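[1] need a structure here:
(one chain, ligands or ions: 2)
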Amino acid sequence: MTRPLFNFDAEFRLGIDAIDQEHVKLVDMLNQVHAFISEAKRDVARQYFIETLTVYVDEHFANEEEFLARIAYPQLDEHKKVHAQFKKTMRDLQPLIQSSDEAAFRQAVNDTFTWIVTHIGKTDKKYAEFYLA
Ligand SMILES: [Fe+2]
Ligand SMILES: [Fe+2]
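    Ligands and ions are numbered 1, 2, ... in the order given. Take a look at the predicted model:
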């Protein structure tokens, strides 16, 4: 059994149930990619990254933006731009994910991990503070 990279409760819970559930799912998916890599299931990891994680990132961003519009979050436009930029980055990473270059693949996966956890812990946290204030 591989130890998960992140402890969700300690670092990322925002206190908004519907959103927290989606973030838990995202972090679970990141841990799953990490587990596949650790088990040397590289092709499964690549496929899961592209067909499951990337797709769910898009879905989560759409749901989150809908929530932010509903609560009239003042920085919605800025937040949407950040999401759009990352979606583009994830699409741009796909050739690296699919390439046989192991180091490039790992780097792309690590960059994605870092971006997502930083986004939840810093940028998403700002709207939680607004909403819960
Ligand atoms: Fe989020
Ligand atoms: Fe976000």
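[2] OK, contacts around residue 120?
    12, 14, 23, 26-27 (CB atoms under 8 Å, 6 or more residues apart in numbering). In short, each C-beta sits where N, CA and C put it, glycine included.
[3] can you tell me which of the residues you listed end up in helices?
    Of the positions in those, 23, 26-27 sit in helices, assigned by DSSP state H.
[4] where along this protein do the helices fall?
    Taking DSSP H, the helices of the chain run over residues 8-11, 17-38, 42-48, 54-70, 76-98, 102-118, 125-132.
[5] name the residues that touch the second one?
    To tie it back to what came earlier, the one meant is helix 17-38. 2, 4-6, 8, 12-14, 42, 44-45, 48-49, 52-53, 56-57, 60, 63-64, 67, 106, 109, 112-113, 116-117, 120, 124, 128.
[6] roughly how far apart are the residue most central in space within the chain and residue 74?
    Central residue of the chain (CA atoms, centre = their mean): residue 116, 3.9 Å from the mean position. Here residue 116 is placed at a distance of 24 Å from residue 74 (CB to CB, to the nearest Å).
[7] tell me the one among the ones in helices among the contacts of residue 120 nearest to ligand 1.
    Closest approach to ligand 1 among the ones in helices among the contacts of residue 120 (CB to the ion): residue 23, at 5.8 Å.
[8] what about that closest one, distance to residue 42?
    On the measure of CB to CB, residue 23 and residue 42 end up 26 Å apart.
[9] the more surrounded of these two?
    residue 23 (22 against 14; other CB atoms under 10 Å).
[10] one step back: mind checking pLDDT for the residue nearest to the centre of the chain?
    pLDDT for residue 116: 94.
[11] next up, the contacts around it.
    26-27, 30, 57.
[12] swap the cut-off to 10 Å and go again
    Taking CB atoms under 10 Å, 6 or more residues apart in numbering, we find residue 116 in contact with 6, 12, 23, 26-27, 29-30, 53, 57, 60, 86, 90, 124.
[13] contacting ligand 1 as well, which ones from these?
    Among the contacts of residue 116, proximity to ligand 1 is found for residue 124 (CB under 5 Å from the ion).
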